[in-house]
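> can't give you the sequence, but here's the structure:
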């Protein structure tokens, strides 16, 4: 079992560009959540996808959007990048339900210049 | 507003010593509380989970406690090792309609274990 995988591992973009990050959930998981973690901070919830729909959303602008595919994998898209978008982006997968643990991927380090 | 506060912000201890990390939360409706260990540049890994009715949970050298009345939790690490150096994050889950859940993360305690 490969666990949660994310790609790419590192990415450098310039202000105003657009970026797409990808996540493959742990085998058997149907729910994917995305988090932004700035340096020295705890992860901040962006949104959660289940059954190919956005089910919950944190306090992030519309520049942040996502998608979940029929195979449960997911993408995070960020438009009009700002310097402040530089962070570690974490994907976590789980089974639907209150107590089901979220397993995290290794993250994608995004640097916006 | 759901919040999770952790203390201390950072901690340095000698190898073999014990330490205790604190977590206070204002998250409702409460579902569960987890402690995660996050190595630098890596994703968090779950250490323990506690629900409302549980007040202690152990995982090897890690022991977590939960006081649901005061909304406080602690993580005790015994006989620390160099590999324990990491960020320890307290995460509280709130119930969400439709069977989903929402996690609120603390900012973490950065632990460094030295020789």
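That came through fine. Only a predicted model underlies this, so the values are computations on that prediction, with no experimental measurement involved. Residues are numbered from 1 along each chain as shown, chains lettered A, B, ... in the order given.
> Below-threshold pLDDT in the chain: ranges please.
Unless you meant another one, I'm taking chain A. A:1, A:97-99 (pLDDT under 70).
> I was after chain B.
B:96-101.
> Would you pull up the residue in it closest to chain A?
residue B:43 (3.2 Å; C-beta to the nearest C-beta). The C-beta positions use only the backbone N, C-alpha and C, and glycine is treated the same way.
> Distance of the spatially closest residue to residue A:49 that is not a sequence neighbour relative to chain B?
Leaving out its chain neighbours, the residue that sits closest to residue A:49 by C-beta to C-beta, 6 or more residues apart in numbering or on different chains is residue A:68, at 3.8 Å. Noted for residue A:68: a distance of 14 Å to chain B, by C-beta to the nearest C-beta, to the nearest Å.
> was I right about residue B:41 contacting residue A:90?
No: checked against C-beta atoms under 8 Å, the pair residue B:41 and residue A:90 is beyond contact range at 11.0 Å.
> More neighbours: the two, which one.
Counted by other C-beta atoms under 10 Å in any protein chain shown, residue B:41 and residue A:90 do not tie: residue A:90 has more neighbours, with 27 against 11.
> Can you verify my assumption that that one contacts residue A:43?
Yes: taking C-beta under 8 Å as the definition, residue A:90 is a contact partner of residue A:43 at 5.6 Å.
> hang on, the earlier thing: now do the contacts for the residue of chain B closest to chain A.
A:4, A:90, A:92, A:104, A:105, A:106, A:107 (C-beta atoms under 8 Å, 6 or more residues apart in numbering or on different chains).
> how about the residues of chain B that lie near chain A?
B:4, B:31-32, B:34, B:41-46, B:49, B:51, B:89, B:93, B:95-96, B:98-108 (C-beta under 8 Å from any C-beta of the partner chain).
> Which among the residues you listed count as buried?
B:4, B:31-32, B:34, B:42-44, B:49, B:89, B:93, B:100-108 (16 or more other C-beta atoms under 10 Å in any protein chain shown).
> my guess is residue A:67 contacts residue A:53, does it?
No: between residue A:67 and residue A:53 there is no contact under C-beta under 8 Å: 9.8 Å.
> Give me the more crowded residue out of these two.
Neighbour totals were compared for residue A:67 and residue A:53, and residue A:67 leads with 15 against 9 (other C-beta under 10 Å).
> what residues are up against the residue nearest to the more buried one when sequence neighbours are not counted?
Setting aside the residues directly before and after it, residue A:67 is nearest to residue A:75 in space (C-beta to C-beta, 6+ apart), at 4.9 Å. Taking C-beta under 8 Å, 6+ apart, we find residue A:75 in contact with A:20, A:21, A:22, A:23, A:66, A:67, A:69.
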